[in-house]
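Student: only geometry, no sequence info:
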């Protein structure tokens, strides 16, 4: 498998901040094992593009894992698709493409178009990956996605939970979703992209263009402001869902239902 300056950088300049963190997640959360067939979901953005390049590094280690690089065309423009394939060529990523009409189906949805789009994307990806013989699909959510989602759950959902690095599918038997970019910071992804002047398609979703001040963008800016005063804020949010004390929680839920702290108060 040939190498070039971009791919070599993941074993050099960006090995500590990116590649090491990728393999840390793979090993710590046991995301892949020999015999797995992983579908790497490529959206064309910076995160999934980097994730694809990292899985190429995993393949170079002769890990015994089969990897398919799947691009779902939900309605890309010709220019956007060209840019995606240009990046794939530079990064030596063998894309496989399949087409859907998700953008067309969701463009007139008024009540909750983002939820519908996400649900349809996930369903199409699981179905296609399973048809290719894959037992896992990899998504490019990174550290900052994790902490933003955690804080958004508190601020807007009234719940304490987070993204997990691996999740069993409820609708596709034997399938798992994995997030191997779990420990990678967005700033390091941007640094890698900037170092090689990688360009990415602009979002094709008309709704996202209208909602520039979304809840996620507000949360991202809020965390950035808090980090100006205390640089540990981001890590503290991340660690908050690893250091949960159930005896200091008013109530929590599990498969048996809701439990109140009073259940064990007089024990």
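Tutor: Sure, I can see it. All figures in this text were calculated on a predicted structure; none of them were measured in a lab.
Student: show me where the protein has strands.
Tutor: Using DSSP state E, the strands found in the chain span residues 37-42, 66-73, 95-99, 136-138, 166-168, 176-178, 251-254, 257-260.
Student: Any chance of CSV for those, columns mean pLDDT?
Tutor: CSV is the format used below for the strands of the chain (pLDDT from 0 to 100):
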stretch, mean pLDDT
strand 37-42, 96
strand 66-73, 93
strand 95-99, 88
strand 136-138, 97
strand 166-168, 96
strand 176-178, 97
strand 251-254, 90
strand 257-260, 92
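Student: Take those strands and write them to JSON lines, including mean neighbour count.
Tutor: No exception for glycine: its C-beta is placed from N, CA and C like everyone else's. Converted to JSON lines, the strands of the chain look like this (neighbours: other C-beta atoms under 10 Å):
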{"stretch": "strand 37-42", "mean neighbour count": "24"}
{"stretch": "strand 66-73", "mean neighbour count": "19"}
{"stretch": "strand 95-99", "mean neighbour count": "14"}
{"stretch": "strand 136-138", "mean neighbour count": "25"}
{"stretch": "strand 166-168", "mean neighbour count": "14"}
{"stretch": "strand 176-178", "mean neighbour count": "21"}
{"stretch": "strand 251-254", "mean neighbour count": "10"}
{"stretch": "strand 257-260", "mean neighbour count": "10"}
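Student: Mind putting those strands into JSON lines with distance to residue 217?
Tutor: Converted to JSON lines, the strands of the chain look like this (distance: least, C-beta to C-beta, whole Å):
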{"stretch": "strand 37-42", "distance to residue 217": "23"}
{"stretch": "strand 66-73", "distance to residue 217": "24"}
{"stretch": "strand 95-99", "distance to residue 217": "29"}
{"stretch": "strand 136-138", "distance to residue 217": "25"}
{"stretch": "strand 166-168", "distance to residue 217": "25"}
{"stretch": "strand 176-178", "distance to residue 217": "24"}
{"stretch": "strand 251-254", "distance to residue 217": "29"}
{"stretch": "strand 257-260", "distance to residue 217": "33"}
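Student: How about residue 79: what's its closest non-neighbour residue?
Tutor: Spatially, and ignoring its direct neighbours in sequence, residue 79 is nearest to residue 201 (7.7 Å; C-beta to C-beta, 6 or more residues apart in numbering).
Student: Quick one: the helices in the stretch 101-250 of the chain, in order.
Tutor: For the stretch 101-250 of the chain, the helices defined by DSSP state H, counting those that start in this stretch occupy 102-106, 113-131, 143-157, 186-195, 206-210, 215-229, 233-240.
Student: Which one of those helices lies nearest to residue 264?
Tutor: Residue 264 sits nearest to helix 233-240 of all these, at 22.4 Å, using C-beta to C-beta.
Student: and the angle for the closest one with helix 215-229?
Tutor: Orientation check (axes from the mean of the first three to the mean of the last three C-alpha atoms, to 10 degrees): helix 233-240 against helix 215-229 gives 110 degrees.
Student: helices and strands around helix 233-240, which ones?
Tutor: Counting contacts by 3 or more C-beta pairs under 8 Å, 6 or more residues apart in numbering; DSSP states H and E, helix 233-240 is packed against helix 143-157, helix 215-229.
Student: Which helix or strand in the protein has the lowest average pLDDT?
Tutor: helix 206-210 (a mean of 51; mean pLDDT, DSSP states H and E).
Student: In contact with the residue most central in space within the chain, which residues are there?
Tutor: Nearest residue to the geometric centre of the chain (C-alpha atoms, centre = their mean): residue 141, 1.9 Å. If you count contacts by C-beta atoms under 8 Å, 6 or more residues apart in numbering, residue 141 has them with 47, 163, 179, 181, 182.
Student: Counting neighbours, which of those residues comes out on top?
Tutor: With neighbours taken as other C-beta atoms under 10 Å, the top of those is residue 181, carrying 28 neighbours.
Student: Give me the distance between that one and residue 68.
Tutor: 18 Å (C-beta to C-beta, to the nearest Å).
Student: and what of residue 183?
Tutor: Taking C-beta to C-beta as the measure, residue 183 falls 24 Å from residue 68.
Student: what about residue 217, neighbour count?
Tutor: That count, for residue 217 with other C-beta under 10 Å as the rule, works out to 13.
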